[in-house]
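S.K.: this is a predicted model, with the sequence first.
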Amino acid sequence: PKITVTYVSGSLEYVLQMPSEEATELSSFAREEGMACLGTWPREKCLNLGRQLQMRDIVCRVVPFCEGGQRGWQAKDASNEDKAGAGR
């Protein structure tokens, strides 16, 4: 295959400045499971890093951060909310 764990790992190290061990672990995990979460960054940096990985033929999906969407899995933890804000 064109894309190997070693190639992806090296790309993660170079583009994300990810430690070698973690890059290898995440690359192997992605090979086995089909995906791996690489981390979170501010929006513009995330888009930039994602483009750099994609230019290296790595399938990389950039998912925007969403604080409290309309679906249950998007809802933020209400335990830290100010009680006075309830019911808004």
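M.R.: Nice, I can see it.
S.K.: list the buried residues in the helix or strand encompassing Arg51.
M.R.: For Arg51, the host element (DSSP states H and E) is helix 43-55. By neighbour count, and taking 16 or more other C-beta atoms under 10 Å as the criterion, the buried residues in helix 43-55 are Cys46, Leu49, Gly50, Leu53. Where C-beta positions appear, they are placed from N, C-alpha and C, glycine not excepted.
S.K.: as a markdown table, the residues you listed with distance to Val62 and pLDDT would be great.
M.R.: What follows is these, written out as a markdown table (distance: C-beta to C-beta, whole Å; pLDDT from 0 to 100):
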| residue | distance to Val62 | pLDDT |
| --- | --- | --- |
| Cys46 | 6 | 89 |
| Leu49 | 8 | 94 |
| Gly50 | 4 | 94 |
| Leu53 | 9 | 96 |
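S.K.: may I see those organised as TSV, with distance to Thr6 added?
M.R.: Shown next, in TSV, are these (distance: C-beta to C-beta, whole Å):
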residue	distance to Thr6
Cys46	25
Leu49	20
Gly50	21
Leu53	15
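S.K.: which among the residues you listed gets closest to Pro19?
M.R.: Closest approach to Pro19 among the buried residues of helix 43-55 (C-beta to C-beta): Leu49, at 15.7 Å.
S.K.: tell me where the chain has helices.
M.R.: Under the criterion DSSP state H, the chain contains helices at 5-16, 20-33, 43-55.
S.K.: against which helices or strands is the longest one packed?
M.R.: Read it as helix 20-33. Using 3 or more C-beta pairs under 8 Å, 6 or more residues apart in numbering; DSSP states H and E as the contact definition, the elements that helix 20-33 packs against are helix 5-16.
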